[in-house]
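1. Okay, here's the prediction I keep looking at, along with the sequence it came from:
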Amino acid sequence: MENLKEIVLKFNVENEINEVKPLGEGLINDTFKVYVNDCETPKYVLQRINNAIFQDVDLLQDNIEKVTNHIRKKLIEKNETNLDRKVLNFIKTKDDKRFYFDGEKYWRLMVFISDSYTYQAVTPEYSYTAGLAFGEFQSMLSDIEETLGETIPSFHNIELRLSQLREAVENDVVGRVKEVRYYLDEIEKRAEVMCRGEQLYREGKLPKRICHCDTKVNNMLFDKDGNVLCVIDLDTVMPSFIFSDFGDFLRSAANTGAEDDKDLNNIDFNMEIFEAFTKGYLEGTKSFLLPIEKENLPYAAKLFPYMQTVRFLADYINGDTYYKIQYPEHNLVRTKAQWRLFECAERKENLMLDFINSI
């Protein structure tokens, strides 16, 4: 890890670097704990930014700086204490840059938040907490004046995803279209209604907000008493519809089965998780959420399994070029599982709306 120590020293650190160890098993960025002097607790977190996914690193880090600065300002206005435990704090390089480029890789450094924990479990309790935390995160950023860019352009644009699927069908490079015709027909039957968000935006009825766009329970840090400290993993924070944060969480959290469950009988849309998350989310967003956003939350709960079905199916038709697979039919199994989740959410749309209206 000698080279990593040298990279840390490119940043504004005054301590003697003792050791650098791997942290977690992130799917996108490589992350390391940095120990200084003889301390048993890490002082910093070093990350290698995956610039294959986040191709504009300048834009990425500019977004994060604007977001963390704005949240810090909001916390100061609320007389919050221990600010470095409640918002991520990034360290600049010695030449005042937001990241260090070593000629091949991009690196960033942030302060390690000690005595903090992440959880994987999706329970009603944590779902409510997640809804509240991500809602308050959006609320704090609802009046940000700086312009943020899209770190992954058109990330949650369903019209783009459908066009990619149609292109895959037209090319049919490995001859799989015939076997998936049922799913293609069902997707197309609903295509117009599932593009509602983009249409409302074009009509000027639906705004874009600053959203997290990767809402999971494990993208929050908790203290030892179970209180949320802050939202983390800010790489995907960008302008989007609030549907991104609402629907993306429920796509994974409210699924009673696995994303790639071969037994479709395992899959249902869990209303208890939906209600807990929605209750927290509506509390967190009450200061800015528009009626049209609120009334379309059930649409958001349908949109994300629909969108993921489209993406898995397009990749299957293209010959499995994007998602890693563990066996030849893996993307087809994923397609069927996500479609079942979509159908379950579709059947419960009125129940979702009734619950929202009851709050």
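-> Thanks, I have it.
2. Please make it C-alpha for all contacts and neighbour counts, starting now.
-> Will do.
3. Quick check: the most centrally placed residue in the chain vs Ser244, distance?
-> Note on the chain: the residue nearest the mean C-alpha position is Asp214, at 0.5 Å, using Cα atoms, centre = their mean. Using Cα to Cα, to the nearest Å, Asp214 is found at 8 Å from Ser244.
4. Please pick out the residue of the protein most distant from its centre.
-> Largest separation from the mean C-alpha position in the chain: Asp38, at 35.7 Å (Cα atoms, centre = their mean).
5. and that one, helix, strand or coil?
-> Three-state call for Asp38 (DSSP: H, G, I helix; E, B strand; the rest coil): coil.
6. Verify the stated contact: it with Glu16.
-> No: judged on Cα atoms under 8 Å, Asp38 makes no contact with Glu16 at a distance of 9.1 Å.
7. what about the closest residue to Lys216 other than its chain neighbours, how many residues close to it?
-> Spatially, and ignoring its direct neighbours in sequence, Lys216 is nearest to Phe249 (5.7 Å; Cα to Cα, 6 or more residues apart in numbering). Other residues within reach of Phe249, judged by other Cα atoms under 10 Å, total 24.
8. Phe249 contacts His212, doesn't it?
-> No: applying Cα under 8 Å, one finds Phe249 not in contact with His212, separated by 10.7 Å.
9. Helices of the stretch 51-200 of the chain, start to end?
-> 57-77, 83-86, 124-140, 158-171, 181-189, 191-194, 196-202 (DSSP state H, counting those that start in this stretch).
10. Now tell me which of the ones you listed the model trusts least on average.
-> Here the lowest mean pLDDT among the helices of the stretch 51-200 of the chain goes to helix 83-86, at a mean of 92.
11. how far is it from where the chain is centred?
-> Centroid separation for helix 83-86 versus its chain: 21 Å, with Cα atoms, centre = their mean, to the nearest Å.
12. other SSEs contacting it?
-> helix 57-77, strand 228-231 (3 or more Cα pairs under 8 Å, 6 or more residues apart in numbering; DSSP states H and E).
13. For Ile267, find the nearest of the ones you listed.
-> Across these, Ile267 has its closest neighbour in strand 228-231 (28.7 Å, Cα to Cα).
14. Packing partners of the closest one?
-> Against strand 228-231 (3+ Cα pairs under 8 Å, 6+ apart) you get helix 83-86, helix 124-140, strand 220-222.
15. how about whatever helix or strand comes next after that strand: buried residues?
-> Using DSSP states H and E, the next helix or strand after strand 228-231 towards the C-terminus is strand 238-240. Applying a neighbour-count criterion of 16 or more other Cα atoms under 10 Å, one finds 238-240 buried in strand 238-240.
16. Pick the most buried one from the helices of the stretch 51-200 of the chain.
-> helix 124-140 (a mean of 23; mean count of other Cα atoms under 10 Å).
17. How about Leu297, nearest residue that isn't a chain neighbour?
-> Phe243 (6.7 Å).
18. which residues are contacting stretch 3-11?
-> Applying Cα atoms under 8 Å, 6 or more residues apart in numbering, the external contacts of stretch 3-11 come out as 17, 19-20, 46, 91-94, 100, 107, 109.
19. returning to what we had before: just send the helices of the stretch 51-200 of the chain back as TSV, with distance to Thr256 too.
-> Shown next, in TSV, are those (distance: least, Cα to Cα, whole Å):
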stretch	distance to Thr256
helix 57-77	33
helix 83-86	32
helix 124-140	13
helix 158-171	24
helix 181-189	21
helix 191-194	23
helix 196-202	26
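20. out of those, nearest to Asn218?
-> helix 124-140 (9.2 Å).
21. Flag the shaky bits of this structure, pLDDT-wise.
-> 1-2, 25-28 (pLDDT under 70).
22. That one: strands as residue ranges?
-> 17-22, 30-36, 44-49, 90-91, 100-101, 106-111, 209-211, 220-222, 228-231, 238-240 (DSSP state E).
23. Name every strand pairing with the last one and say which way it goes.
-> Read it as strand 238-240. In the sheet, strand 238-240 lines up against strand 209-211 (antiparallel) (DSSP bridges).
24. cool, the third one as well?
-> Strand 44-49 sits in its sheet next to strand 30-36 (antiparallel), strand 106-111 (antiparallel), going by DSSP bridges.
25. closest to Thr309 out of those strands?
-> Per Cα to Cα, nearest to Thr309 of the strands paired with strand 44-49: strand 30-36, 28.3 Å.
26. Could you check how far that closest one is from the centre of its chain?
-> For strand 30-36, the distance to the chain centre is 23 Å (Cα atoms, centre = their mean).
27. my read: the residue nearest to the centre of the chain touches Thr236, true?
-> Yes: Asp214 is within contact range of Thr236, at 6.6 Å (criterion: Cα under 8 Å).
28. which residues are common contacts for those two?
-> With Cα under 8 Å, 6+ apart as the test, Asp214 and Thr236 reach no residue in common.
29. what about the residue nearest to Leu297, neighbour count?
-> If you count neighbours by other Cα under 10 Å, Phe243 ends up with 26.
30. Going forward, count from 16.
-> Fine by me, first position is 16 from now on; the one you just mentioned is Phe258.
31. quick one: it from Ile68, how far?
-> From Phe258 to Ile68 the distance is 22 Å (Cα to Cα).
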